[in-house]
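> Provide a 3D model corresponding to the input given below.
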Amino acid sequence: MALNTKKVINQLNRILECELAGVVRYTHYSMMIFGYSRIPIVKWFQDEATESLAHAQEAGEMVTRLGGHPSLGIGPLLETHEHDIGQILRETLQAEHNALALYNQLLKLVAGKSVALEEYARDLISQEEAHIDEIDKMLRKPGETTISKEARDLD
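Now for the predicted structure:
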């Protein structure tokens with residue numbers, strides 16, 4: 001079965017928009033951190049913004065490789081306007097789950113049809129899962145070792 005280029009380009013554009021929203025969201029969050037742990041958390045959010053930009057650029061390059069036009073849109077920007085670090089991290093966790101779903105959908109579209117796109121999707125799925133795990137660990141209380149239900153639905 002051949003690659004449905006139109007569907008793949010549409011999905012890559014959804015990913016591009018999601019990652020651009022991540023740039024905005026992580027930059028915003030980096031400005032909203034207060035308290036004793038501010039500096040390392042601000043740095044972490046700034047690094048996440050930089051990584052989201054790289055992911056957006058990569059998705060856009062994939063779109064043009066397939067003959068498409070990269071979206072100029074930005075995905076939804078979730079914010080509760082609660083500026084507690086825990087709430088910001090929970091919003092971040094939700095955004096990472098949204099991105100993970102987009103990459104999983106891409107993998108379904110390209111599996112067995114394009115090695116390059118399949119490897120791209122698998123690599124980003126791995127990265128998103130690692131982000132989810134890291135955020136989950138940041139949300140745990142010291143000494144708590146159990147993975148939260150909101151992070152991963154594991155048996």
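> State the pLDDT value of residue 78.
We note a pLDDT of 75 for residue 78 in this prediction.
> and it, what element?
For residue 78, there is no enclosing helix or strand under DSSP states H and E.
> if I look at it, how far off is residue 29?
Distance, residue 78 to residue 29, by C-beta to C-beta, to the nearest Å: 11 Å. For the C-beta atoms, the positions are set from N, CA and C on the backbone; glycine is no exception.
> Are there residues contacting both of these two? Which ones?
The contact sets of residue 78 and residue 29 overlap at residue 91 (C-beta atoms under 8 Å, 6 or more residues apart in numbering).
> Of the two, which one has the most company?
Set side by side, residue 78 and residue 29 give different neighbour counts by other C-beta atoms under 10 Å, the larger being at residue 29 (24 against 12).
> So that one: helix, strand or coil?
Here residue 29 is recorded as helix under DSSP: H, G, I helix; E, B strand; the rest coil.
> for it, what are its contacts?
Residue 29 is in contact with 45, 88, 91-92, counting by C-beta under 8 Å, 6+ apart.
> Quickly name whichever of those residues is closest to residue 4.
Within those, proximity to residue 4 (C-beta to C-beta) peaks at residue 92, which comes in at 32.1 Å.
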